[in-house]
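Peer 1: Whatever this is, show me its structure:
(2 chains)
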Protein chains: 2
Amino acid sequence: MKLVILLLISATALLAANARPDPDFNPIRLRSEGRVGAFVNNCESWRLASEVNNFRSWKVVPEQCVDYVKSYMTVEVGIQTQYEYDVGTVVLEAIEYLNTVSPAKGKNDTWLFDLTDTLLSSLPYYSRPGANYGGNPFNETAFNEYIKEGNSPLVPNVNYLYKDAQEKGFKIVILSGISEDLRPVVEANLNKVGFAKWDKLILKYKPGMPTKDFKASERAQLKKDGFKVIGNVGDQWSDLLTGTNAGKRAFKIPNALYYS
Amino acid sequence: MKLVILLLISATALLAANARPDPDFNPIRLRSEGRVGAFVNNCESWRLASEVNNFRSWKVVPEQCVDYVKSYMTVEVGIQTQYEYDVGTVVLEAIEYLNTVSPAKGKNDTWLFDLTDTLLSSLPYYSRPGANYGGNPFNETAFNEYIKEGNSPLVPNVNYLYKDAQEKGFKIVILSGISEDLRPVVEANLNKVGFAKWDKLILKYKPGMPTKDFKASERAQLKKDGFKVIGNVGDQWSDLLTGTNAGKRAFKIPNALYYS
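Peer 2: Reported below is the predicted structural model:
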């Protein structure tokens, strides 16, 4: 904590002392001071770099960006939060794409959806002090308790895409790293917020396997079973880039709370 | 122009009339009104969707976002523009990655750089009234005239990454859709801003070929010639995702001015 504040003060002082172009950007100096990597001096840039997958595998929201992420997720700008605008824009774009494709007759052409923070939001969980908008390390036990409450709200507006794809005759497959043990509560939660049916809801039945690997292997299995992924919707790049059958088009739902 | 204003007014009125969650988001209604796709109601969301490659193949910056893009590129927030912070963050992340890799002995392990808006900026061109910060359709003749002036400035701070990769012993390959005819001016411009040497500077010697295809074929050729791309740096997803030999890691430099 002290170290981070010290770095921030140093960074701010260094930055403030110089006009653009910034000689203190010099990565050689930053590196010699051990500051490359810790050097998040702009939370907008941090979020963009993460969304674009330039910045990967981060463990927690940087301390200096927790308030920024909280605002991003909860403060209305206009009539929605910036997060909600960002999700809505992706949903509209995905619907645009959906309008250009049709399921092949007699085939299992599929729209594949991730579950957590793609269909069901974990924002209420991340709003709790223990999670601190992603500023604290992930606590699997506490997170599973949240899932068990069965009260996750909708990720805003993704339901329109889901419904459109279903009505158009695509198979709907939901693929999640949530444990198979939690199936009853997950199904009830999906029903409660308006997802009435699906063709497959695949939950993690291989407890030891990393979710990324599990999802990749399940997508490969889907392919073997004839489920060709046309549209792939997820909030993590691991949903969208890893392995085969990752979709003709992928749509990345924003997520500033965690990277997995 | 009138149509866009009308749509904006309608959208604003519709949006303002409703509390969150926004019933007027309803894509079915938007579609019936021909407004899906044209419905950029938040320029932040538009830029994010483009950076993430959710929103593709757009031709011009939407009229309602031209001022936003101008600010993004030119207005300092703190001591840099947001664009400059965004580029700097990617550069630092790329240097972090560079620090974890070394060129294999006797091999041509390569860092591959795009040219325009990865090493040399076209912001002065896009600031001209004819280009209007990407709000006007691309004018190839005018753009080539700009290149011929030979005064393109550095994309800020990418030089540090370039230099570090070179000093570490990686081959440096620059791959661009700019015409081979312009080689002398491009080389002089690179030298002028501090890029003194490279292993290959590949300019488009196949005038008829779309740049995306040209780059993909040249990357495949590089592979055949033993140039294995370790880091790939570009401002367009077509630099980073298309074809083989696209790099062990790709780094997307932001670009809000155009999509190609």
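
Peer 1: Let me see the confidence value for the spatially most central residue of chain A.
Peer 2: Closest residue to the average C-alpha location of chain A: A:Asp235 at 2.6 Å, with Cα atoms, centre = their mean. Looking at A:Asp235, its pLDDT stands at 98.

Peer 1: can you check the one 3 residues further on too?
Peer 2: The pLDDT attached to A:Ser238 in the predicted structure is 88.

Peer 1: For the spatially closest residue to it that is not a sequence neighbour, give me its contacts.
Peer 2: Closest residue to A:Ser238 apart from its sequence neighbours, by Cβ to Cβ, 6 or more residues apart in numbering or on different chains: A:Lys212 at 4.1 Å. All C-beta atoms are positioned from the backbone trio N, CA, C, and that covers glycine. By Cβ atoms under 8 Å, 6 or more residues apart in numbering or on different chains, the residues touching A:Lys212 are A:Ser238, A:Thr242, A:Ser260.

Peer 1: any idea how far A:Leu112 lies from B:Pro124?
Peer 2: Shown here: A:Leu112 relative to B:Pro124, a distance of 44 Å by Cβ to Cβ, to the nearest Å.

Peer 1: actually A:Trp58, not the one I wrote
Peer 2: On the measure of Cβ to Cβ, A:Trp58 and B:Pro124 end up 35 Å apart.

Peer 1: Which stretches in the stretch 51-200 of chain A count as helices?
Peer 2: For the stretch 51-200 of chain A, helices defined by DSSP state H, counting those that start in this stretch occupy the ranges A:66-74, A:82-98, A:123-126, A:140-149, A:158-167, A:183-193.

Peer 1: Would you mark the buried spots in the second one?
Peer 2: To tie it back to what came earlier, the one meant is helix A:82-98. Within helix A:82-98, the residues that count as buried by 16 or more other Cβ atoms under 10 Å in any protein chain shown are A:82-95, A:97-98.

Peer 1: what about the closest residue to A:Ser122 other than its chain neighbours, neighbour count?
Peer 2: Excluding its sequence neighbours, the residue lying closest to A:Ser122 (Cβ to Cβ, 6+ apart) is A:Thr116, at 5.7 Å. A:Thr116 has 24 neighbouring residues, counting by other Cβ atoms under 10 Å in any protein chain shown.

Peer 1: quick one, what contacts A:Thr116?
Peer 2: A:Ser122, A:Ser152, A:Ser176, A:Gly177, A:Ile178, A:Asp235.

Peer 1: And those, which is closest to chain B?
Peer 2: Ranked by distance to chain B (Cβ to the nearest Cβ), those are led by A:Asp235 at 11.2 Å.

Peer 1: Isn't that closest one up against A:Asn255?
Peer 2: Yes: counting by Cβ atoms under 8 Å, A:Asn255 is a contact partner of A:Asp235 at 4.1 Å.

Peer 1: Now do the shared contacts for these two.
Peer 2: Residues touching both A:Asp235 and A:Asn255 (Cβ under 8 Å, 6+ apart): A:Asp117.

Peer 1: returning to that earlier point: tell me the contacts of the residue nearest to the centre of chain A?
Peer 2: A:Asp114, A:Thr116, A:Asp117, A:Thr118, A:Lys252, A:Ile253, A:Pro254, A:Asn255 are the contacts of A:Asp235 under Cβ under 8 Å, 6+ apart.

Peer 1: Now render those residues as JSON lines, adding pLDDT.
Peer 2: JSON lines is the format used below for these (pLDDT from 0 to 100):
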{"residue": "A:Asp114", "pLDDT": "98"}
{"residue": "A:Thr116", "pLDDT": "98"}
{"residue": "A:Asp117", "pLDDT": "98"}
{"residue": "A:Thr118", "pLDDT": "98"}
{"residue": "A:Lys252", "pLDDT": "97"}
{"residue": "A:Ile253", "pLDDT": "97"}
{"residue": "A:Pro254", "pLDDT": "98"}
{"residue": "A:Asn255", "pLDDT": "98"}
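
Peer 1: Among the residues you listed, give me the pair with the biggest separation.
Peer 2: Within the contacts of A:Asp235, two members stand farthest from each other by Cβ to Cβ: A:Thr116 and A:Lys252, at 14.6 Å.

Peer 1: From the contacts of A:Lys212, which land in helices?
Peer 2: Secondary structure defined by DSSP state H assigns A:Ser238 of these to helices.

Peer 1: re the thing from before, now the residue nearest to A:Ser122, which residues is it bridged with?
Peer 2: A:Thr116 has these beta-bridge partners by DSSP bridges: A:Leu120.

Peer 1: And it, how far from B:Asp117?
Peer 2: The gap separating A:Thr116 from B:Asp117 is 36 Å, by Cβ to Cβ.

Peer 1: and if you look at A:Tyr68?
Peer 2: Taking Cβ to Cβ, one finds A:Tyr68 at 27 Å from B:Asp117.

Peer 1: higher neighbour count, those two?
Peer 2: Shown here are A:Tyr68 and B:Asp117; by other Cβ under 10 Å, B:Asp117 has more neighbours (23 against 18).

Peer 1: mind listing what the more buried one touches?
Peer 2: Taking Cβ under 8 Å, 6+ apart as the test, what B:Asp117 contacts is B:Val155, B:Asp235, B:Ile253, B:Asn255, B:Leu257.

Peer 1: How about the first one: what's its closest non-neighbour residue?
Peer 2: So the one you mean is B:Val155. Computed as Cβ to Cβ, 6+ apart, the closest residue to B:Val155 that is not its neighbour in sequence is B:Ser121, at 4.9 Å.

Peer 1: Could you do the last one as well?
Peer 2: Nearest non-adjacent residue to B:Leu257, counting by Cβ to Cβ, 6+ apart: B:Gly134, 4.0 Å away.

Peer 1: you'd agree the one you found is up against B:Asp67?
Peer 2: No: using Cβ under 8 Å, B:Gly134 is not in contact with B:Asp67, being 11.6 Å away.

Peer 1: Pretty sure A:Leu190 sits against A:Leu119.
Peer 2: Yes: in this structure, A:Leu190 is within contact of A:Leu119 by Cβ under 8 Å, at 7.0 Å.

Peer 1: Find the residues that touch each one of the two.
Peer 2: Common neighbours of A:Leu190 and A:Leu119, using Cβ under 8 Å, 6+ apart, are A:Ile174.

Peer 1: Quick check on the two: which one has the bigger neighbour count.
Peer 2: Set A:Leu190 next to A:Leu119 and count neighbours by other Cβ under 10 Å: A:Leu119 wins out with 26 against 21.

Peer 1: so who does that one touch?
Peer 2: Counted by Cβ under 8 Å, 6+ apart, A:Leu119 has contacts A:Phe113, A:Leu154, A:Val155, A:Val158, A:Asn159, A:Tyr162, A:Ile174, A:Leu190, A:Phe195.

Peer 1: A:Asp199: what's it in contact with?
Peer 2: For A:Asp199, the contact set (Cβ under 8 Å, 6+ apart) comprises A:Asn108, A:Thr110, A:Lys171, A:Ile172, A:Val173.

Peer 1: Quick check: the farthest pair among those residues?
Peer 2: A:Asn108 and A:Ile172 (10.7 Å).

Peer 1: got the residues of the stretch 151-260 of chain A near chain B?
Peer 2: Contact residues (Cβ under 8 Å from any Cβ of the partner chain) of the stretch 151-260 of chain A with chain B: A:Pro156, A:Asn157, A:Tyr160, A:Leu161, A:Asp164, A:Phe251, A:Lys252, A:Pro254.

Peer 1: Tell me if I'm right that the fourth one and A:Tyr97 touch.
Peer 2: Pointing back at A:Leu161 there. No: with contacts defined as Cβ under 8 Å, A:Leu161 does not count as touching A:Tyr97, sitting 9.7 Å away.
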